[in-house]
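Peer 1: structure of the sequence below:
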Amino acid sequence: MAIAPRGASLKLTPMVALFGYMSQIRVKSSSYQIAPIKNPVDTVNLVALYLPFRDLDEFPSSAAKATPQDQNDGSKKDHQRQCSEIADVQDNGGHCVNSMNVLVLAESERQCWLEKEASLQEMIKQLQNEKDLQIHREAGLEIKILRLQSEKDSWHHQEGSLEQEIAQLLQEKAALSVEEKKLQEKS
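Peer 2: Numbering: from 1, shown residues only. Next up, the predicted model:
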């Protein structure tokens, strides 16, 4: 499996991707992305080319010691074994390619969810800021309401005082009117 820094454009050969997968190289997915395999069939074919010569015993130089009859029998067996191994590799290669595709899709989906989570976190922050601003406004309005209520109470108190003064002045006026009538009667 090949890795590239996030946002980089990296083209890989299918061999690198398959051998990376087969050796189970792990990727730290938070800062890397996986490059997809372009042609999985080439991967299987390239791996199959290397299969007949896995061990030194199977190298062509060891076949030179055998007799021509042994070589014919051996070559038929080798051919059958190679065909069997190629079929196994193609089966496993398809599985590896499918696994890589699943891994690439999973990483893509994970990135999508991370982006959604980040946008939701940003939205939560904005809503929290709006909520805090609204609470601040409500607190300011409550303070204004208390101040106006206090002012209203003060005006009611002054109104009551003025009404008492008016009542007292009316009484004084009435008393003066009575005295004035008395004075007019005497004169």
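Peer 1: in this protein, what spans have low per-residue confidence?
Peer 2: In the prediction, the chain carries residues with pLDDT under 70 at positions 1-76, 78-98.
Peer 1: which helices and strands does the longest helix seen in the chain pack with?
Peer 2: Counting by DSSP state H, the longest helix found in the chain is helix 68-186. Contacts defined by 3 or more Cβ pairs under 8 Å, 6 or more residues apart in numbering; DSSP states H and E place helix 68-186 against helix 14-22, strand 32-34, helix 40-50, helix 60-63. Glycine gets a C-beta too; all of them are placed from N, C-alpha and C.
Peer 1: just give me the neighbour total for residue 100.
Peer 2: 22 (other Cβ atoms under 10 Å).
Peer 1: for it, give its distance to residue 126.
Peer 2: 39 Å (Cβ to Cβ, to the nearest Å).
Peer 1: what of residue 160?
Peer 2: 51 Å.
Peer 1: ok, residue 142 next?
Peer 2: Computed as Cβ to Cβ, the residue 142 to residue 126 distance reads 25 Å.
Peer 1: one more: residue 108?
Peer 2: Going from residue 108 to residue 126 by Cβ to Cβ gives 27 Å.
Peer 1: which one's more surrounded, the two?
Peer 2: Each of residue 108 and residue 126 has its neighbours counted (other Cβ under 10 Å); residue 108 has more, 13 against 10.
Peer 1: what about that one, distance to residue 100?
Peer 2: Using Cβ to Cβ, which is the criterion applied here, residue 108 is 12 Å from residue 100.
Peer 1: same question for residue 113.
Peer 2: Going from residue 113 to residue 100 by Cβ to Cβ gives 20 Å.
Peer 1: now do residue 157
Peer 2: Taking Cβ to Cβ, one finds residue 157 at 84 Å from residue 100.
Peer 1: and what of residue 178?
Peer 2: With the distance defined as Cβ to Cβ, residue 178 ends up 115 Å from residue 100.
Peer 1: just residue 150 next, same as before
Peer 2: Distance from residue 150 to residue 100, by Cβ to Cβ: 74 Å.
Peer 1: one more: residue 154?
Peer 2: 80 Å.
Peer 1: and if you look at residue 119?
Peer 2: Taken as Cβ to Cβ, the span from residue 119 to residue 100 is 29 Å.
Peer 1: go on, residue 172?
Peer 2: 106 Å.
Peer 1: equivalent analysis for residue 124, please.
Peer 2: Residue 124 sits 36 Å away from residue 100, going by Cβ to Cβ.
Peer 1: and if you look at residue 167?
Peer 2: Separation of residue 167 from residue 100 (Cβ to Cβ): 99 Å.
Peer 1: go on, residue 152?
Peer 2: In terms of Cβ to Cβ, residue 152 sits 76 Å off from residue 100.
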